[in-house]
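Participant: Attaching a predicted model along with its sequence, questions to come.
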Amino acid sequence: MEKILVAGATGTTGKKVVQLLKASQYFEPIAMVRTQEQQNEFKAHDVKTVMGDLEDKVAHTVKDIDKVVFAAGSGGKKVKAVDQDGAKKLIEASSQAHIKKFVMLSSMGADNPESSNELKEYLEAKHNADEFLKSSQLNYSIIRPGSLTNHKGEGKIKLANSLNERGEISRDDVAQTLVRALHDDAVNKAVFEIIKGDTLIGEAINTLN
């Protein structure tokens, strides 16, 4: 089984990613945590952890790791330190460790941060992190969902490199898409947008292959 480092494992979407990986026959999650309390919480659910902080050194977190899911976010509090610079640090460490794939949770609008007023700083941070990943030596998938909801997932999405429309999507379906993108045969060196739709996630992803 491949070991998957989940950055942002304690967040709402990150926790869903960890659960899906734990249930998978292909992957084993390694949750990146900042505190002993968080570590104990994952241990109670039989999930391995590594202590790491995106505002600090992260090279040790990718030791013996096969692939990375970056689902971390500062919730708008430290967008430059976490969403941008933290992501860049983990990308750099992953590159040096020859990680096989880096799956990035980005955001719709990250290709054009200027188009948003209230989210401009956040989208700029995401844009810079995405560009840094694209220019790295890593294999990657950059996933840009619409507005996130806590509705129950339907396992179906609408996907395109650029959708040219706004929309929302459940965190469940975003987490499923992130995990599906980890597979070797799925969306390599690809950037795409997703919202709620009518196509099964696996089928939608296959259209980009």
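Facilitator: Cool, got the structure. From a predicted model like this one, the values you see are computed outputs, not experimental measurements.

Participant: Send me whichever helix or strand Met32 is part of as CSV with only the CA atoms.
Facilitator: Taking DSSP states H and E as the criterion, Met32 maps to strand 27-33. Provided in CSV are the C-alpha atoms of strand 27-33 (Å, rounded to 0.1, in the frame of the first residue of the first chain):
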residue,chain,number,x,y,z
PHE,A,27,-3.5,3.7,0.3
GLU,A,28,-2.5,4.2,3.9
PRO,A,29,-3.0,7.7,5.3
ILE,A,30,-0.4,9.5,7.4
ALA,A,31,-2.0,12.5,9.0
MET,A,32,0.1,15.6,9.4
VAL,A,33,-0.7,17.1,12.8
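
Participant: Tell me the strands beside it, with direction?
Facilitator: Its sheet considered, strand 27-33 pairs with strand 2-7 (parallel), strand 48-51 (parallel) by DSSP bridges.

Participant: Export the first one to CSV, keeping only CA atoms.
Facilitator: Extracted in CSV, the C-alpha atoms of strand 2-7 (Å, rounded to 0.1, in the frame of the first residue of the first chain):
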residue,chain,number,x,y,z
GLU,A,2,1.2,3.5,-0.8
LYS,A,3,1.7,5.9,2.1
ILE,A,4,-0.1,9.2,1.6
LEU,A,5,0.8,12.2,3.6
VAL,A,6,-2.3,14.4,4.2
ALA,A,7,-1.5,18.0,5.0
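
Participant: average model confidence for the strand holding Met32?
Facilitator: Strand 27-33 comes out with an average pLDDT of 98.

Participant: How about stretch 43-58?
Facilitator: 96.

Participant: Run the chain-centre distance for that stretch.
Facilitator: Taking Cα atoms, centre = their mean, to the nearest Å, one finds stretch 43-58 lying 16 Å from the centre of the chain it belongs to.
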